[in-house]
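Enquirer: what follows is a protein structure lacking sequence information:
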């Protein structure tokens with residue numbers, strides 16, 4: 001059974017193709033330029049990831065008429081109908097804005113039209129064309145499914161915290177076997193994700209992209225605004241309920257920062273206090289959920305769980321034996337969740353699509369890469385072992401673009417589209433932040449072979465999706481200064497050879513040369529900020545940046561100084 005999952009109403013448009021419970025293709029709208037069209041087609045109404053849909057169909061070699069089901073991660077029927085959410089926490093604060101742009105009256109019909117007119121394989125969507133069955137899956141339900149159905153657990157409590165769905169901003173429930181029960185929700189007017197966005201703007205950063213900067217800033221601050229945030233977020237005792245007070249943040253936190261202003265200690269303290277408030281609230285929800293369900297495991301999703309400090313607070317609370325932070329936690333992951341939910345429900349199949357990687361995007365053969373290099377008349381070499389050659393460049397202090405295998409889905413680049421550097425050289429953290437257009441105070445993530453993680457970090461558990469921070473062992477901090485944040489932690493990815501053989505081997509080769517099986521890693525992106533999806537993207541990003549070298553499949557390009 002083929003199921004096409006789509007999210008494209010608002011932000012982070014994406015498409016995914018699921019075949020009998022297995023993800024066979026997935027790409028986000030913003031990364032779909034390889035599909036031959038714009039990343040998102042904007043007509044009257046929502047954005048539609050037309051190129052992403054076309055690419056997924058082409059990857060599997062099917063037309064739209066071959067698809068059995070289309071799962072759209074939005075349900076217009078849930079809008080404006082309180083009866084559909086009888087368990088929602090009452091909102092004492094009137095909603096003062098429309099949480100989502102207005103959808104066309106016939107939203108599904110509009111999306112169906114877009115599929116037919118924009119999918120290159122399907123051609124015009126004539127009435128005579130066999131149509132896949134349509135399923136509108138609620139935004140929160142898609143997040144919940146992305147949490148539970150990608151987890152390794154047969155039974156788990158489920159916690160979804162995001163900015164907003166059709167009506168809710170937090171949803172919690174219990175997954176048991178093939179069934180998912182929703183236990184309750186908190187309305188979007190009291191969204192923790194929206195509060196984090198508000199504070200992000202208050203601190204002078206752009207919401208949607210600046211939240212990572214705020215969490216990084218938190219490490220340098222003190223929680224002196226703790227009580228102010230406790231007045232904003234009021235938790236009900238012994239219940240999974242909370243309210244977020246409306247009002248002007250300036251009255252509680254002082255004047256907002258203008259983006260051009262330098263950062264002050266007050267800004268760091270606001271960020272620290274916000275992070276503490278978020279941690280306390282979500283850990284409190286998880287604690288209630290643990291006692292309410294008796295579950296030994298917790299699965300989470302929603303954009304708020306992109307926050308590695310929050311995830312680490314949940315881990316350190318020790319409430320659950322097993323903790324799964326979905327690697328497709330954000331809005332684009334609702335395409336995955338919607339498709340898996342429809343597939344899981346209709347096939348009534350046991351088991352989950354437990355994720356070992358997120359590399360479901362475009363990949364290119366050595367022949368395709370070499371043809372492009374030859375056509376562009378670029379000088380390149382083909383070393384006997386690309387991993388050894390790259391490790392040698394990294395050990396000598398060079399930065400290398402790493403373009404290998406299938407592209408990752410989601411916000412995190414985890415082994416296929418990376419910029420690599422040595423953590424042993426302090427200046428490399430600034431170099432990678434400069435390449436990525438990030439703030440100087442933001443920590444650079446690092447990757448370590450799974451077998452060596454316990455030798456370098458205090459928390460030795462697996463973290464293949466870079467969802468946690470871990471303390472750098474005190475005796476190792478001088479050896480990896482570029483990976484160690486101001487608070488002595490690092491955002492760590494553990495790499496297994498079975499999941500990422502080339503990436504594992506380049507880390508191992510670097511370790512053989514330096515005694516340090518750890519590498520700095522950042523997203524390999526173009527000047528426009530989108531991930532290098534195609535070889536042409538990689539070459540453009542390499543040529544227009546200070547990168548010293550590019551590992552394009554088995555080929556190596558180098559700049560002369």
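Expert: Okay, I see it. All figures in this text were calculated on a predicted structure; none of them were measured in a lab.

Enquirer: which stretches of the stretch 101-250 of the chain have low pLDDT?
Expert: By pLDDT under 70, the low-scoring segments of the stretch 101-250 of the chain are 101-131.

Enquirer: what about residue 177, how many neighbours?
Expert: If you count neighbours by other C-beta atoms under 10 Å, residue 177 ends up with 9. Using the backbone N, CA and C atoms, a C-beta is placed for each residue, glycine as well.

Enquirer: and it, how far is that from residue 450?
Expert: Residue 177 sits 30 Å away from residue 450, taking C-beta to C-beta, to the nearest Å as the criterion.

Enquirer: and for residue 178?
Expert: 31 Å.

Enquirer: out of these two, which sits in the busier spot?
Expert: residue 450 (20 against 15).

Enquirer: tell me the pLDDT at that one?
Expert: The model reports residue 450 with a pLDDT of 96.

Enquirer: so who does it touch?
Expert: 462, 464, 494-496 (C-beta atoms under 8 Å, 6 or more residues apart in numbering).

Enquirer: try it again at 10 Å.
Expert: Residue 450 makes contacts with 460, 462-464, 493-499, 504, 507, 517, as judged by C-beta atoms under 10 Å, 6 or more residues apart in numbering.

Enquirer: where is pLDDT lowest across those residues?
Expert: In terms of pLDDT, the weakest of those is residue 460, which scores 73.

Enquirer: roughly how far does the spatially closest residue to residue 407 that is not a sequence neighbour sit from residue 70?
Expert: Nearest non-adjacent residue to residue 407, counting by C-beta to C-beta, 6 or more residues apart in numbering: residue 361, 3.2 Å away. Separation of residue 361 from residue 70 (C-beta to C-beta) stands at 20 Å.

Enquirer: and the helices in the stretch 351-500 of the chain?
Expert: Secondary structure of the stretch 351-500 of the chain (DSSP state H, counting those that start in this stretch): helices at 366-375, 386-395, 427-436, 453-456.

Enquirer: I'd like to know which of those lies nearest to residue 344.
Expert: helix 453-456 (32.6 Å; C-beta to C-beta).

Enquirer: and the closest one, average pLDDT?
Expert: For helix 453-456, the per-residue pLDDT averages 96.

Enquirer: what lies in contact with that helix?
Expert: Contacts of helix 453-456 (C-beta under 10 Å, 6+ apart): 423, 446-449, 459-463, 470, 472-473, 475-477, 479-480, 483, 490, 492-495, 516-518.

Enquirer: may I see the buried residues of that helix?
Expert: Residues of helix 453-456 classed as buried under the neighbour-count rule (16 or more other C-beta atoms under 10 Å) are 453, 456.

Enquirer: how about stretch 140-155?
Expert: For stretch 140-155, using 16+ other C-beta under 10 Å, the buried residues are 140-151, 153, 155.

Enquirer: repeat that for stretch 7-20.
Expert: 7-19.

Enquirer: any idea which of the residues you listed is least confident?
Expert: Among those, residue 9 has the weakest pLDDT, 63.

Enquirer: re earlier: for the buried residues of stretch 140-155, which one is nearest residue 365?
Expert: residue 150 (28.7 Å).

Enquirer: thinking that closest one is in contact with residue 301, fair?
Expert: Yes: using C-beta atoms under 10 Å, residue 150 is in contact with residue 301, at 8.4 Å.

Enquirer: ranges for the strands of the stretch 1-150 of the chain?
Expert: Counting by DSSP state E, counting those that start in this stretch, the stretch 1-150 of the chain has strands at residues 2-7, 14-19, 22-28, 41-42, 47-48, 69-72, 88-89, 133-136.

Enquirer: who does the last one pair up with?
Expert: So the one you mean is strand 133-136. Strand 133-136 has its sheet partners listed here by DSSP bridges as strand 69-72 (parallel).

Enquirer: how far is the strand it pairs with from where the chain is centred?
Expert: Here strand 69-72 shows a centroid-to-chain-centroid distance of 22 Å under the convention C-alpha atoms, centre = their mean, to the nearest Å.

Enquirer: thank you, goodbye.
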